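# Pasting the sequence and the predicted model now:
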Amino acid sequence: MSYWLFFILLFFAEIIGTVSGFGSSILFIPLASLFFDFKSVLGITAVFHIFSNLSKIILFRKHFNWKIALQLGIPAIVFCTLGALLTSIIPQQEIELTMNIMLVILALLLMWSYRVQIQQNRRNLFIGGTLSGFLAGLVGTGGAIRGITLTAFQLEKNILIATSALIDLGVDSSRAIVYISQGYFLKEHFKLLPFFIVISFAGSYVGKLVLHRMSQKTFKIILLSVVVMVSIYQVIKYLLGPL
């Protein structure tokens, strides 16, 4: 299999994920599904995002909000681990269909997130952490829920990206351990690691440069439109079955 198209798409997903503020998984998951089986997608996504989060933590290291990171991050890590464990129990096809439906719903919700009013309190941080973590473990992406939750606290964009990356590092590390133990990240995937490191840092760096030059709203619309189209394609493919 040639991975070059996959690497190119991954690079652009990382740029857009950095600019949007809620990570590349919401775009990366449906794109990776075009190249790999679902459980491999979960494993590859978790491992790649460890490097992706580390790159953002380094690039935005002066902008953390530790209080919000802990209040949202702890429940996210706990419920992410639970969701990841359930992937070995719930039938794969049901999880994959749920993932694509959830991606469409989350993308559409994010398109209208400016109308969503979430109160700034610890309860909503806990709820946001719980939901985003559980979805990340079960279907591979929870950044949209986390992004909506953090947006409610009106964080400056650099603080939002840094804090989100810090939370996501804990989430992705916990699910990566579960996925690897369950055989979702195969020996043949280890050769991808050098490319993951380079792409994550290069994509995050370019994203940081773009962040100060282009409208985040425009990027979000483009990103979410792609997510909706790819996810709808996956749902239709699942419903129609092999052609």
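Right, received. Where do you want to start?
# So which residues of this protein form helices?
For the chain, the helices defined by DSSP state H cover 4-20, 25-32, 38-59, 66-86, 92-111, 122-139, 143-151, 157-181, 193-211, 216-240.
# got those helices as a markdown table, with mean pLDDT columns?
Shown next, in a markdown table, are the helices of the chain (pLDDT from 0 to 100):
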| stretch | mean pLDDT |
| --- | --- |
| helix 4-20 | 86 |
| helix 25-32 | 78 |
| helix 38-59 | 90 |
| helix 66-86 | 93 |
| helix 92-111 | 69 |
| helix 122-139 | 88 |
| helix 143-151 | 74 |
| helix 157-181 | 90 |
| helix 193-211 | 91 |
| helix 216-240 | 67 |
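# Switch the ones you listed over to CSV; also include distance to Lys187 and mean neighbour count.
Placement of C-beta: from N, CA and C, glycine included. Below are the helices of the chain laid out as CSV (distance: least, C-beta to C-beta, whole Å; neighbours: other C-beta atoms under 10 Å):
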stretch, distance to Lys187, mean neighbour count
helix 4-20, 18, 21
helix 25-32, 18, 25
helix 38-59, 12, 23
helix 66-86, 20, 20
helix 92-111, 21, 19
helix 122-139, 23, 22
helix 143-151, 28, 25
helix 157-181, 11, 23
helix 193-211, 12, 18
helix 216-240, 27, 16
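# count of neighbours near the closest residue to Leu5 other than its chain neighbours?
Once flanking residues are discounted, Leu5 sits nearest to Phe35: 8.0 Å by C-beta to C-beta, 6 or more residues apart in numbering. Close neighbours of Phe35, defined as other C-beta atoms under 10 Å, add up to 16.
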